[in-house]
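Peer 1: need coordinates for the below:
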Amino acid sequence: MNEFQKIWLDAYRCYLVAASATGEHCPSDYDSAREHADAVLNSLIKAGEVTA
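Peer 2: Numbering: from 1, shown residues only. A predicted model of the protein is given here:
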């Protein structure tokens, strides 16, 4: 797994934990988690924290 995948997966997992600590999620939680993870990775790339 490369650095981008690790960052994305961590952001995705953290969002789901924050959305529901009990682990019960609705389908929109997964969509929102994906969008959040995409935004986190894009922000880091734009800020120069990670390079593509």
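Peer 1: any low-confidence regions in this protein?
Peer 2: Along the chain, segments meeting pLDDT under 70 span 52.
Peer 1: going by residue numbers, what spans are helices in it?
Peer 2: 3-19, 27-47 (DSSP state H).
Peer 1: dump those into CSV; add mean neighbour count as well.
Peer 2: The way it works is simple: take the backbone N, C-alpha and C, and place the C-beta from them, glycine included. As requested, these are arranged in CSV below (neighbours: other Cβ atoms under 10 Å):
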stretch, mean neighbour count
helix 3-19, 14
helix 27-47, 14
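Peer 1: residues touching residue 49, list them.
Peer 2: Residues counted as contacts of residue 49 (Cβ atoms under 8 Å, 6 or more residues apart in numbering): none.
Peer 1: surely residue 11 touches residue 36?
Peer 2: Yes - using Cβ atoms under 8 Å, residue 11 makes contact with residue 36 at a distance of 6.1 Å.
Peer 1: so what touches stretch 5-23?
Peer 2: In contact with stretch 5-23 (Cβ under 8 Å, 6+ apart) are residues 1, 25, 29-30, 32-34, 36-38, 40-41, 44, 50.
Peer 1: quick check: the two most widely separated of those?
Peer 2: Pairwise distances across the contacts of stretch 5-23 (Cβ to Cβ) peak at 27.6 Å, for the pair 25 and 50.
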